[in-house]
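**Q** Okay, here's the prediction I keep looking at, along with the sequence it came from:
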Amino acid sequence: MKSVLYIGGFELPDKNAAAQRVMANAKMLREMGYEVSFIGVSKDMANAPKEVDGFASNPVKYPTNVKEWVRQIISFVDTKDILNRKVDYVVLYNFPSIASLRILWACHKKGIKVFHDLTEWESSIGWSFREIIRKMDIYIRMQCAVPKMDGLITISRYLYDYYKKATTCIIVPPLVDLSVEKWDRNRTLTTGDTVKLIYAGTAGFGNKDRLDFVLDALRGKLGVELTVIGMTKAEYEESFGKQVPGQVNVNFKGRLPHLEAVKLVQQSDFQILIRESNLKNNAGFPTKLVESFACCTPLVANLTSNIGDYLKDGVNGIVVPDLATLPQTFERIAQLPKSDIVSMKEACRRMENFDYRNYKEELAKLFV
C-alpha cells in the first residue's frame with residue numbers, strides 16, 4: 001500500500017477550516033487505497049490527539065512568538081522526520097516558502113513526489129518586521145516554490161488557471177462527508193415568522209468578510225434577525241472600527257464549539273457571506289458555502305471566486321448583485337413566502353457537489 005504524508009498548519013480534528021479540508025481529502029485517499037498520516041499543528045500539545053478517524057497524527061507546536069514563526073517558515077519540520085517515514089507522496093498544505101523548497105529538494109533525492117494543497121493567496125499589510133517577512137514568504141511561495149511542485153490541488157478556478165501551465169493542476173473545492181451525523185440532513189426542514197440569518201466565522205477580524213456592510217444594510221429591517229457566531233460585539237467594534245448600528249436585530253454569540261455552531265446554522269434560514277472582490281477572496285473558496293449547503297441552509301452571498309458555479313439565485317440561496325444592493329436584498333428576503341424558503345432548503349439537501357466521494361477521479365490525476 002502506498003502512503004501519503006499531509007503536512008501543514010491544520011489543527012485536528014476540527015479546530016480550523018484547514019482541518020476540515022485535509023480530513024475530507026484524507027478520507028478520499030484512504031478509500032482510493034492509500035495510507036494517510038498527518039503532521040499538523042497544535043496549540044495544546046499535551047492534549048493533541050495522536051490518532052484522528054484512524055489516521056496517525058503527530059503535530060508540531062503552534063508558533064507563539066516571532067522566533068518560532070520564522071523557524072516554521074524556514075523548516076516547519078525536520079526533513080529527516082519525513083524521509084524516515086518512507087512515504088510515497090508528501091502533500092504540503094498552504095506551506096511556508098523556504099520550508100517547501102527544503103522538503104521538495106530532500107524528497108526528490110529519494111524519489112518522493114511532493115504536491116501542494118493550495119487554498120489561498122495570502123495578503124500582507126503594513127511594514128513591521130513580521131509583515132516584511134510575511135511579504136517575502138508569500139512572494140517566494142507563490143512565485144517560486146508552488147510552480148516547482150510535482151502537482152497542485154487547487155481550491156478555486158482562479159488558482160487552477162494561474163498555475164495550470166506551470167505544473168499538473170486539479171481543482172478540489174472544500175469537501176465534506178455528508179454521511180456524518182452532525183449535518184442532520186434528514187431532519188424536517190421548516191421556517192418561522194421571523195427570517196433567521198446567521199454568520200459563522202471571525203470575518204477575518206475586519207480583513208475578510210464584510211460583516212459591517214451586512215449590519216448597516218439590516219438597519220431598521222423588520223422580520224429579520226441575525227445571529228453572529230465567532231465574534232463578540234466588542235470584537236466586532238474593535239475589528240471594524242465602528243459601533244454596532246442601532247435598530248439592528250443582532251445577537252453576538254462569540255466563539256462556540258464546532259458542533260454547537262453547526263446546529264445553529266441548521267436552525268437558521270440563510271447564512272450570510274459578503275466579501276469584497278479582491279485577490280485573496282477570488283483565489284480562495286469559502287468553506288462557509290460548503291458547510292451551509294451541507295446543513296441544508298441556503299446562502300446569501302455576492303459572487304467572488306467561482307461560487308457562482310454552485311450558488312443559484314432563488315434556487316439554493318440569494319445572489320447579491322453588488323454590495324450597494326444589500327438593503328434591497330434583505331427587503332426581498334423579509335418578504336419571501338415561507339414555502340420559497342423551505343424549497344431552497346430542500347434544494348440544498350439535494351446538493352451533493354461537495355461530498356468527498358465525488359472527487360476521487362480528480363485526485364487520481366495526481367496520485368498514480
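**A** Nice, I can see it.
**Q** Contacts only, for the nearest residue to Q266 once chain neighbours are set aside.
**A** Beyond its immediate neighbours in the sequence, the residue positioned closest to Q266 (C-beta to C-beta, 6 or more residues apart in numbering) is C295, lying 4.6 Å away. C-beta here means a position set from N, CA and C on the backbone, and glycine is covered the same way. By C-beta atoms under 8 Å, 6 or more residues apart in numbering, the contact set of C295 is 183-185, 262, 265-266, 271, 348.
**Q** tell me the phi and psi of K27?
**A** In this entry, K27 is assigned phi and psi values of phi -60, psi -40 (degrees, to the nearest 10).
**Q** and it, how many neighbours?
**A** K27 is flanked by 19 other residues according to other C-beta atoms under 10 Å.
**Q** what about the helices in this structure?
**A** Assigned helices in the chain, in chain order: 17-31, 66-74, 79-83, 97-109, 129-140, 157-163, 211-218, 233-240, 258-266, 279-283, 287-294, 326-334, 338-350, 360-363 (criterion: DSSP state H).
**Q** So for A46, which of these sits nearest?
**A** For these, proximity to A46 was assessed by C-beta to C-beta; helix 66-74 is nearest, at 17.1 Å.
**Q** okay if I get the contacts of C295 as TSV plus neighbour count and pLDDT?
**A** Supplementary listing: the contacts of C295 in TSV, determined by neighbours: other C-beta atoms under 10 Å; pLDDT from 0 to 100:
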residue	neighbour count	pLDDT
W183	20	97
D184	13	97
R185	18	97
V262	22	96
V265	22	98
Q266	20	98
Q271	26	98
C348	20	98
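**Q** quick one: which of those is nearest L222?
**A** Looking at the contacts of C295 and their distance to L222, the nearest is Q271, at 20.7 Å (C-beta to C-beta).
**Q** dump the residue contacts of the closest one.
**A** Residues in contact with Q271 (C-beta under 8 Å, 6+ apart) are 197-200, 265, 288, 292, 295, 297-300.
**Q** Would you mind checking which of these is nearest to M136?
**A** Among the contacts of Q271, and counting by C-beta to C-beta, the member closest to M136 is K288, at 30.3 Å.
**Q** State the distance from the closest residue to R130 other than its chain neighbours to F115.
**A** For R130, the nearest residue in space outside its immediate sequence neighbours is V66; the separation is 6.1 Å by C-beta to C-beta, 6+ apart. Going from V66 to F115 by C-beta to C-beta, to the nearest Å gives 29 Å.
**Q** ok, the two, which is more surrounded?
**A** Taking V66 and F115 together and counting by other C-beta under 10 Å, F115 has the greater number of neighbours (23 against 12).
**Q** Wait, that one touches M149, no?
**A** Yes. When contacts are counted by C-beta atoms under 8 Å, F115 is listed as touching M149 (6.0 Å).
**Q** Quickly list what's touching both of the two.
**A** Applying C-beta under 8 Å, 6+ apart, one finds that F115 and M149 are jointly contacted by L92.
**Q** picking that back up, ok, of the contacts of Q271, which come out buried?
**A** Buried positions within those, assessed by neighbour count (16 or more other C-beta atoms under 10 Å), are 197-200, 265, 288, 292, 295, 297-300.
**Q** Now that we have these, can you turn them into TSV and tack on distance to V36?
**A** Below are the buried ones among the contacts of Q271 laid out as TSV (distance: C-beta to C-beta, whole Å):
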residue	distance to V36
L197	38
I198	33
Y199	33
A200	28
V265	28
K288	26
S292	27
C295	26
T297	30
P298	33
L299	30
V300	36
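**Q** which one of the residues you listed sits closest to S156?
**A** The shortest separation between S156 and any of these is 14.3 Å, and it belongs to K288 (by C-beta to C-beta).
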